[in-house]
Structure formats: structure tokens, C-alpha cells
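Asker: Next one to model:
(2 chains)
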Amino acid sequence: MVVSLSVNGEAVEVDADPDTPLLWVLRDHLRLTGTKFGCGIAQCGACTVHLNGQPRRACVTPLGSLDGYDVTTIEGLKGPEADAVRAAWTALDTPQCGYCQSGQIMTAAALLAAVPSPGDGDIDAALAGNICRCATYVRIRKAVKTAAAALKG
Amino acid sequence: MRRTACLVALATLLALAACGEKKEEAKVPEGPLEVLGLKTVAAFSAIADPAERSAALFGEMAKVIAHPRCLNCHPRGDTPTQGESMRPHEPPVARGANGHGPPGMMCSTCHGATNVAFAGSPGSIPGHPHWGLAPLEMAWAGVPAAEICAQIKDPSRNGGRTLEALVEHMGKDSLVGWGWEPGEGRAPAPGDQATFGALVAAWVETGAHCPAP
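Answerer: Modelled structure (predicted):
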């Protein structure tokens, strides 16, 4: 089955089984390996991408459901929220091993686009599904707040 | 004289036979008495009193309403439960402003328009285009059947539905129907949506009476 979609602003056609998870399409077909495999059952958040601008776990998103959709991965994340998040993540040296961080960043950028000045509750609720085995949660929360402050100017 | 008496007797016999036939017809239920663990409307035809029959019909409806497939997203709090044991939802998620999760972690972050089988392990993630938590006023988890019955009839607590709209919703809405098509790894609600919808329709037709508290 050939599915037409946009990935990071570029039109692509993927010929694969419609049940193929988007995560496999990104990593194996399109060689975009920034999106990580963690659990494969939507429990950890490592595979978070944006689907039409909203966070979505790529491991449980079949290719067959994506005709005409816009997919954004960590490689193509752009805009003021993305810039602020990247700057804050770097300034605070937020990652430890880094494996979960592309998922954390995708969720953080989506949160800031919806809630420009998030409180602790907003951050915890948004990132509740992004697990970090290094337990960098305190730095992640601080980085989100730093990014929010930078966006305010 | 004898001829007249014979004719009267024959007429009486025929009338009795006709009555007997009618009585027998009413006793014979149409279709099965049970479908996949859910009693059908026919199973309640022996209850003569309509109010009593109505309350009994709701008791059967409650087998579906109180099933984990329904209760997990009709919680009394702001977080859903999951599985047959109705354990807390993992990952931890919140109701959000509209029942579809907070910004950054909406239900649609994980739940798509359909059930999706996991690619590398058994099981599936449930899905529907309107996946989300029922409003708090429609909380059913831990609520006795009599209270759910009162709640479900009350337009201020049933999404503004008339009883007729309720019949349509329960019998045909595809989100309700998900309860019988829950995907790999989950037990369906008892019966099927057609049997459940018929129970709801019969309950409404008999006055929508509730079981005793």
C-alpha cells in the first residue's frame, strides 16, 4: 500500500504494509533515527512525534492511518517554541543518557505552543507519559520553565 | 333445540380455542433468551407488571453499563482506569478541560481512531475517533445500579438526551459499540449492541423504571 504524507515539510510516499507503525517508517524507511523505540506499546513516550501539530506516539500509529497527514519529527521541529526548548535544554544540560529526550522535547514544544506559561501541574500532566530512566525530571521541568520565560521575552 | 345447543357449544369451544391460542402466543418469546451472556427482551416477557418488567430490564442493562469496558472511562474522578481489574491508567493521565486530556498529553496522543494491535508484542491499544472520559456527571464507577438508572434518565446528567435519544445512543453510537469490539487483550461487554439497544428500548417503552435502591 502506498501512503502519501508529509514528513518534516517534505511530501513522501511510503510503500509498505498499512499496519507498519509510523516509528518503523521513520527509522527504517526514511532513516530518521532521532525518534526512538522504547516500549512499542505507548507506555514510555520515546517515540513521540507531532501529527498535524499534536503529540502522537509513533509506535502505535499505523502507516495506513496517515494518508494526507503532516508528521514532524525531532529532526524537523521548528519555530519559536522549538528554539526556546532547544536553548533551554542545552543551557541546563538537561539530558543524561539522552535516549528519551527527543520525545521529551517534542512534548515540551507542544505544551508550550498550547500553554505559553505552564505551571508545575501543566508540565507534569503533559510529560506524564514521557519516561526518563535517568530520572532527569527535575531538570526537564526547569528547562520547560526556562523555555517559557525565554518565549515571554 | 338440540341443534342450537350444539351450535352454541361449538362456538364456545372455538372461542376458547382462540383465547387459548392467543394466551400461548404471548408466552412464547421471540428469538433467543440470551445472547453472549446478556438476556434478551424476550427473557423478561413473563413479568406481567410493566413497572416491574422495566426495572428488571434495567437490571440486565446494568450488566453492560457496569462492565469494565464502560466503567474505565466513566470514572468518578479525573483519571481513567484500565483492564479487567480497573487498575489506574498507565501512563498516568488526567481528564483535562474537556475530558480529552491536557495539552501535551491528550487521549489522542496514544489512542487513534481505531484499535491498533501492538507491532512486537501481544495486545492492542484501544481507539475510537471520540476516545475520552465521560463527563463527571456521568460517573458510573462504584455507583449502584439504581443511582445510575436515575442519572441516566436525567437530561442534566446524561448529556441533555431525551429517553428516545438515549435509546438511539445506547443502541447505535459507535463509541458505545466499542464495548463489544474492544480489540485484542480485552474482554467485550456481555451480549452485543443490538441486544443491549433492544433492552434499552424495551426499558423506555415500559416506563423507564429503576430498580429499588
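
Asker: Could you find the closest non-adjacent residue to the most centrally placed residue in chain A?
Answerer: Among the residues of chain A, the one closest to the centroid is residue A:106, at 2.8 Å (CA atoms, centre = their mean). The spatial neighbour of residue A:106 that comes closest, neighbours along the chain excluded (CB to CB, 6 or more residues apart in numbering or on different chains), is residue A:48 at 4.3 Å. Yep, even glycine has a C-beta here, placed from its N, CA and C like the rest.

Asker: My understanding was that that neighbour contacts residue A:56; is that so?
Answerer: Yes - Residue A:48 is in contact with residue A:56 according to CB atoms under 8 Å; the separation is 7.1 Å.

Asker: Quickly list what's touching both of those two.
Answerer: residue B:109 (CB atoms under 8 Å, 6 or more residues apart in numbering or on different chains).

Asker: Identify the residues contacting residue B:142.
Answerer: Neighbours of residue B:142 in contact, by CB under 8 Å, 6+ apart: residue B:76.

Asker: For it, give its distance to residue B:127.
Answerer: 26 Å (CB to CB, to the nearest Å).

Asker: near chain B, which residues of chain A?
Answerer: Proximity of chain A to chain B, by CB under 8 Å from any CB of the partner chain, involves residues A:19-21, A:24, A:40-43, A:45, A:48, A:54-57, A:59-62, A:65, A:107-108, A:110-111, A:114-115, A:122, A:125-129, A:131.

Asker: Buried ones among those residues?
Answerer: A:20-21, A:24, A:40-43, A:45, A:48, A:54-57, A:59-62, A:65, A:107-108, A:110-111, A:114-115, A:122, A:125-129, A:131 (16 or more other CB atoms under 10 Å in any protein chain shown).

Asker: separation between the residue in chain A that chain B sits nearest to and residue B:74?
Answerer: Nearest residue of chain A to chain B (CB to the nearest CB) works out as residue A:126 at 2.7 Å. In this view, residue A:126 and residue B:74 are 24 Å apart by CB to CB.

Asker: ditto for residue A:15
Answerer: 42 Å.

Asker: neighbour count winner among these two?
Answerer: Between residue A:15 and residue B:74, counted using other CB atoms under 10 Å in any protein chain shown, the more crowded position is residue B:74 (20 against 9).

Asker: Let me know the secondary structure of the more buried one.
Answerer: coil (DSSP: H, G, I helix; E, B strand; the rest coil).

Asker: hang on, isn't it packed against residue B:132?
Answerer: No - using CB under 8 Å, residue B:74 makes no contact with residue B:132, being 11.1 Å away.

Asker: Run through chain B and note the low-pLDDT ranges.
Answerer: B:1-29 (pLDDT under 70).

Asker: remind me, longest helix of chain A?
Answerer: Assignment by DSSP state H gives helix A:137-152 as the longest helix of chain A.

Asker: just how off-centre is that one within its chain?
Answerer: Distance of helix A:137-152 from the chain centroid (CA atoms, centre = their mean, to the nearest Å) equals 16 Å.

Asker: Stretch A:81-101 too?
Answerer: With CA atoms, centre = their mean, you get 12 Å for stretch A:81-101.

Asker: looking only at pLDDT, what's the mean for that stretch?
Answerer: The average pLDDT within stretch A:81-101 is 98.

Asker: Quick check on residue B:34: phi, psi?
Answerer: phi -150, psi 140 (degrees, to the nearest 10).

Asker: ok, it - contacts?
Answerer: B:40, B:43.

Asker: What is the neighbour count of the residue in chain B positioned nearest to chain A?
Answerer: In chain B, the residue that lies nearest chain A is residue B:104 (2.7 Å; CB to the nearest CB). Neighbours of residue B:104 under the rule other CB under 10 Å: 30.

Asker: Thank you, goodbye.
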